Every structure is written in structure tokens, then in C-alpha cells.
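Colleague: give the three-dimensional model of this entry:
(4 chains)
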There are 2 protein chains.
Amino acid sequence: MTVSRVINDQPTVSQVTRQRVLAAMTELGYRPNVAARALVTGRTRTLGVVSIDTTLYGPASMLLAIERAARDIGYAISIASLPSVDRRSFGEAFEALMAQAVEGIIAITPHTSTTTALRHVPKDIPVVAVEGGRAPVPTVAVDQRLGARLATEHLLSLGHATVAHIAGPGDWHEAQERERGWRDALTDAEREIPELVRGDWSPRSGYEAAQRLIGAPGLTAIFVANDQMAIGALRALSEAGIPVPERVSIVGFDDIPEAEFFTPPLTTLRQEFGEVGRQSLALLMEQVDGAPRSRRRIVIPPEFIVRESTRAPGTAGSAPGTAGSARGSAGSGPRSAGTKTPRSAATKTERAGLSGAPASEASQPDTAPR
Amino acid sequence: MTVSRVINDQPTVSQVTRQRVLAAMTELGYRPNVAARALVTGRTRTLGVVSIDTTLYGPASMLLAIERAARDIGYAISIASLPSVDRRSFGEAFEALMAQAVEGIIAITPHTSTTTALRHVPKDIPVVAVEGGRAPVPTVAVDQRLGARLATEHLLSLGHATVAHIAGPGDWHEAQERERGWRDALTDAEREIPELVRGDWSPRSGYEAAQRLIGAPGLTAIFVANDQMAIGALRALSEAGIPVPERVSIVGFDDIPEAEFFTPPLTTLRQEFGEVGRQSLALLMEQVDGAPRSRRRIVIPPEFIVRESTRAPGTAGSAPGTAGSARGSAGSGPRSAGTKTPRSAATKTERAGLSGAPASEASQPDTAPR
DNA sequence: TACTCGCCTGTTCACGTTAACAGGCATGTT
DNA sequence: AACATGCCTGTTAACGTGAACAGGCGAGTA
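Modeller: Okay, the predicted model is just below:
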């Protein structure tokens, strides 16, 4: 009846009636029935997020940002996690959200198997992939390759002959792209490419990978694919009596909150996970509002943060690596170099940031810099 | 019609008809309409979780465990986060979930303001509080006080004259309980109680708190209220040239995945967040299934994990603190001492665990050991 | 006065499901 | 043969909302 008009703010209700309805609503503790509304409108005002381990810093941060942005526009968020990273459990999680009649799904799919699973989602359900590689749906991703290149070039410019790499699992897009960026930088500088060691993102695997590297001759710099493995690597080096950064420099990836307080504070690449979450929601809402599914790809540049875990090889001095030495391969792509003021510092931190446009877009998949 | 019977597995359908219906369902891609079902049954098969910052390790772990357990029993999870920890934003988040017609809500309310907000939730909606202090609803919590007591007694038994404390924010239950346990242990041992320093759980605040403590005379042991602040404290001590554990011993709380790889590996208390999540879901489902709201309180003991950040004062040797020195005030309560095999070790770790019954229950609020 | 128009409020129906009830049919019992 | 019983399937109504339409009423106009 007229109540519906009041709830939906339709103008064709007189002020008097409106007030009477509102008064009655508060008096009775009336609350609109979402099920009835969804039944008649066909819209549930609920979105789904399917993700791997939401205990990890990255997915957790994205989830939080997505939830907040969604609630702001009146949408609820329902979550589905993957017990294991394979196509089947992805399908099950996706199906569970579909059964709930979500209006769209954000899939955090950093694993190649989940990306292939994305090929089989029906065309009529809005979907966005986060870190989804070459998924056949709109995608939001951080420019992992650029970040890895920056990290490697930073180490080379400090004077290291080459840079070792502790990579992530080979079936993760982020691991692949970071490995590629590392390889690119070494190739461009015509350096020897050392054999890489793989971990599984965990501190333990970083610890074990570093132990294997320690024997290698000429080891002076390691680019570790994430901060968690970097802390394991730091531990292994510490146990082996190898001081960081005096004898070996370390760069991580992610800038987890603890990274600034590692021993020593970690030079790393910050990913703006919150921004990734918000952008992915925006991309999803376009589809929910009727836009056809594109292959649009939003790429967000990482921010390089120089702390104290990197230094020129063989120097016993105390000056940390300087920010000025960190730069991407200038001239290609929309990224611009710049510096930001540090948020604060327990130790001196300097940044070679990528500011300017916060995110670049491309309608073609895979526009990471060569 | 008959379809409904097939979907709901009612026995009064012949095999033939059932097969025909199932065949038609797959052929047509039929999916039951949850809105219509919810409208007629009055049940949405959705539960809500309201939580502070889900980026933190604890809440994120609980959320994950809750989501998995809920999906196993056919319930969906909808989340609502708090932009800030105060009563009002808690009320808004709670209300947002109510508007979605969730059947019950798990409130992760480690902050006193959110606990008071719990007093005003209607009696007819199932609610469970996690770390909710003396909330007037069923509660699941880790025995913070016991953990703090174990940590402090461990340090005292190593020979430290007293133990300093870097506490969490005073308006958090966990901070209050950990402070109390620390105070209890010192009082029982008739030791001087040093002035405590407060942080806000962040690595930075731990760093700053440790800097303030460093001046204090006779500082040889610090119990830090969580691992994140502990890493900041380790950093501050490292910068000040104070070796850990040789000159100062450190104990943390939480056992975040990185703790094992700190420099040095951190002695800490593990909280089984996953177990907390599962227990809270079980408690919630009792109410959803019709049980009246109780004041039941499930208390889960923490597990003490000895690593290398603790040692007897003034010893330059390399033996870490031994597990045998860690014990609760024996005889009170259902907890039994015991050891577990380490899951694995980057460094030698030993454990004085609290095994046996994984959780103790109490119908009266606040049964923490004296 | 009769009519049109605009503003507001009320009525009807459909959304897809389930609870409750009705009924058909075969089998068994008296 | 008449009837009861059990097994299965079909019919009806209701859940609470919003879209579409109907209609009442006052003001303005011819």
C-alpha cells in the first residue's frame, strides 16, 4: 500500500501521510521484509566474494574494503572461501553464492586453476576477477611485474652483480609476474640470471629457500616474492651469521604492517589492497547495472618503499639504499615517478613511489610493461 | 508442487517421479528461489558476523572458521565491519545485518564499548559474543588471564626479578585480562609490579612502548600483550643495542604465523582462533534452533609456546627457556598440563601445552582462574 | 454547472515456494 | 462387493512487497 511508497521515497505521498506512516513504522518496530522484496523485484541487493584463504593479509584487506564500499551503496556482502585451491572447490564456492542469488561475484583468483574455472561461469552473472591473470572477465590487478622490475633494478643500481629470487608457487599469477619482472630487469641489464628457488608464500618456505641459497657463490642480493617469505629468509640469514644488509640485501613484496619492524626494516613494494577492493566493486557494479561483460583490466601500480634491508654490496657503512636509485624503465606506459612523504617512521624510510594516476586502465589483457 | 517435495528430500515421492523431476531440473537449469522460500518459511539460512578490523589475524581467522563451519550446515555468512570501535557504529552494523534478516549474529566484540552495546540487542534474535567480556549473551573466549599468568610465571621461573608489561588499549577485554593475569602472577610471587606501558596493538606502538621502557633500571623481561607489538619491541631493543634474549627476554601473545621467524623466534601464547570460531557458531545454532538465550561461557585455554626470545637473565649461553618451567596455577580448573609435538621447527621450539579438554565451559560469567 | 486535470490513496495481482488439505488408485480386509 | 488403508500426487492459500491500474477529491476552466 502507501507504506511501500514511503519506504521507497516516492514523491507522490503527501507530507502528512508520510509522517503518519513513519510514526507507525517506528511504533510497531516495522522492518521491511527483504525476502518479499527480493521475490517481487528479482534483486537481492547482495554481492558475493569468493576467495582463497582470507587469513592472508592481501585477501583480508580487499575483503574489508569491498565490504565497506558495498555497504555504502546498500549492498550486503556474502563470503565463500575455498578449502583448497583447485577448480572444483572454486566451482562449489561459486555455486554456493549463486544459490543464494547474489547479484554479482568478485572472485579473488590469484591461482591459475581458479582463473581457468572462470571460463565456465555463465555469461549472465556479473563477475570481476581480482589478480585473475588473463581471465575472460573484467579484472583488477596490481602491476606485479613492474614492482618486481623496480625491486631488481634498485638492487642492481646499488651495485649488486646480480639478484637471486625466492619465488612464489609457480601456479600463482603473482608469482609468475614477479618472476617475469625480475627476469626482465636482469635481462635488460645483461646480467646472469641465477637459478630461482620456490616457496609457498609461508615464512617457513622462505626460511628453507634462503637456506638453499646461502651456499651459492656471489650471493649479495635477494628479491623475495612476498614479505612473509622475506621474514623467513631474514631468519635463515641471521642463523647463518650473515648480516643484512651488510652482506646480503633483501627486498620483499606486499608491505605487510610488520615489514617496517623486521630486523632490519624491510625494503618492499606496497600493494594498495584497499584500492584494489574498491575498484573491483566499481567494476562489478557496472555489470550489475546492466553493462555487458567486458575484458577491461584495471592495473594499479605498486609503491616502492625503501627501508634498511638493502645496501650496496660490501659496504659496512650505515647509509641505507637511496630512493633515487629506484626507477622503472622510464618512458613506457602511463606510470610516472615521484616521491611521497613517509606516513611516519620507526626508522628512516624513503620512498620511490608511483604516484600520479592511481590506476591505469587497459581494454586489452596483459598490458604489463615488457 | 511435487518439485518442492523432491528438493526437500521428502520420502513421500516415488522413485520414478523423483528421477523425472531431477532430470527436468538439470535440463532447465532450475535453481530454487531463496527469496520465495525465505518468504514462506521465515528463515533465510543466513547468519551475520559483525567484527572490528577483519584485517587483524585473530578476527580474520575466526571469520574463516565460522564461514566454513556455517557452509557445512547450509548457512551463508554475511559480514559487517565496524568503521570505528564505538557503540554507534556497532549498532549500525548490527542493524544492517538485522535488515538483511539474518537468523543470528556472531559479534566479535573485544572492545568494552561494543560489549555494552550488546545489552541493547533485542531478546528474540540469537546472538553470540566472541571475546565479549561480561556480555549478557552466550560468549566464547580464550582464557587470556591464564595465558598472561603462564607467560609471567615462565619468566619469573627463569630467574627474572620481575616482568615489565606492554599492555594493549585499556578498553579492550583482552588487554584487561592479560594485564590482570600478569598482575596476578607478580602478586602471587610477591614481586614488585612495574608501571605498565600501553600500546594500541600495532607494531609501531610496541616499538614506542619499548623505547620508553628501555630507560628503566633492572629491565630484564617484558611480557608484550600481542605479537605485533612484540615485533616493534624487538626492533626497538635491537636499535638500542640490547640483545634478545641475552639481556632482555620477551614473550608475546597470539602466535601469528610470523612469530616463529622473528629475530629471535618469539616465545608466545597461541590462541586457537579457528576453534573459537567453530564454538561460537555451535553456540549460535543452539539459539537459532530454539534454545533460549543463556549466559553460557565457553573458555578456550591458550597454548604456551616456548621459543628463543626468553632466557634466564644474565646468561650468555644458548639454551632457550625450558618448557617444564611453564605451568598454570595447578589444581584450579579443568586444565591439565601436557606437551605436544611441535608441528615443525625452523628453530628448536618446545611447548608447554594445555591439552586434554580443548575447552572448558561455565554457566557463570567470568570463570578465569584467580 | 459540467468538465478536465492533477494529486493523492486504495485495490488487484503476481512473484515462487511450502503447509495443509483433498483425492485417486491399488491393495488388503471383512 | 463394500470398505478401509496406505501411498502417492494435485490443489489451494498464504507469505509481504511493488507494479499497474482505478478512483476520489479539490481546484481550475469553459
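Colleague: any idea which element residue A:101 lies in?
Modeller: Using DSSP states H and E, residue A:101 falls within no helix or strand.
Colleague: neighbours of it, how many?
Modeller: Applying other C-beta atoms under 10 Å in any protein chain shown, we find 18 residues neighbouring residue A:101. Every residue, glycine included, has its C-beta placed from N, CA and C.
Colleague: wait, residue A:125 touches residue A:105, no?
Modeller: Yes: with contact defined as C-beta atoms under 8 Å, residue A:125 counts as touching residue A:105 (6.7 Å).
Colleague: for the residue of chain A found nearest DNA strand C, which non-adjacent residue is spatially closest?
Modeller: Residue nearest to DNA strand C within chain A (C-beta to the nearest atom of the strand): residue A:17, separated by 3.1 Å. What sits nearest to residue A:17 in space, not counting adjacent residues and going by C-beta to C-beta, 6 or more residues apart in numbering or on different chains, is residue A:2, at 6.1 Å.
Colleague: again with residue A:185
Modeller: Distances taken as C-beta to C-beta, 6+ apart put residue A:152 closest to residue A:185, at 3.6 Å, once the chain neighbours are dropped.
Colleague: which residues of the stretch 101-250 of chain A fall in helices?
Modeller: Remark: helices assigned in the stretch 101-250 of chain A by DSSP state H, counting those that start in this stretch are A:112-118, A:144-157, A:173-188, A:203-214, A:227-239.
Colleague: please identify the helix or strand for the residue nearest to residue A:55 when sequence neighbours are not counted.
Modeller: Here the nearest residue to residue A:55 in space, its sequence neighbours aside, is residue B:60; by C-beta to C-beta, 6+ apart that works out to 4.9 Å. Assessed by DSSP H and E, residue B:60 sits inside helix B:57-72.
Colleague: pretty sure residue A:265 sits against residue B:235.
Modeller: Yes: in this structure residue A:265 lies within contact range of residue B:235 using C-beta under 8 Å: 7.4 Å.
Colleague: comparing those two, which residue is more hemmed in?
Modeller: For residue A:265 versus residue B:235, neighbours defined as other C-beta under 10 Å are more numerous around residue B:235 (27 against 22).
Colleague: for the nearest residue to that one once chain neighbours are set aside, grab the count of nearby residues.
Modeller: What sits nearest to residue B:235 in space, not counting adjacent residues and going by C-beta to C-beta, 6+ apart, is residue A:261, at 4.3 Å. Residues within reach of residue A:261, counting by other C-beta under 10 Å, total 28.
Colleague: contacts only, for residue A:261.
Modeller: Residue A:261 sits next to A:346, B:203, B:204, B:206, B:207, B:231, B:232, B:234, B:235 when contact means C-beta atoms under 8 Å, 6 or more residues apart in numbering or on different chains.
Colleague: could you rerun that using 7 Å?
Modeller: A:346, B:203, B:207, B:231, B:232, B:235 (C-beta atoms under 7 Å, 6 or more residues apart in numbering or on different chains).
Colleague: what's around residue A:67, how many residues?
Modeller: Around residue A:67 there are 24 residues (other C-beta under 10 Å).
Colleague: can you pull out the strands in the stretch 251-370 of chain A?
Modeller: Applying DSSP state E, counting those that start in this stretch to the stretch 251-370 of chain A gives strands spanning A:268-270, A:297-300, A:303-306, A:336-338, A:350-355, A:360-362.
Colleague: list the buried residues for the strand or helix carrying residue A:22?
Modeller: In this assignment (DSSP H and E), residue A:22 forms part of helix A:15-28. Buried residues in helix A:15-28, counted by 16 or more other C-beta atoms under 10 Å in any protein chain shown: residue A:21.
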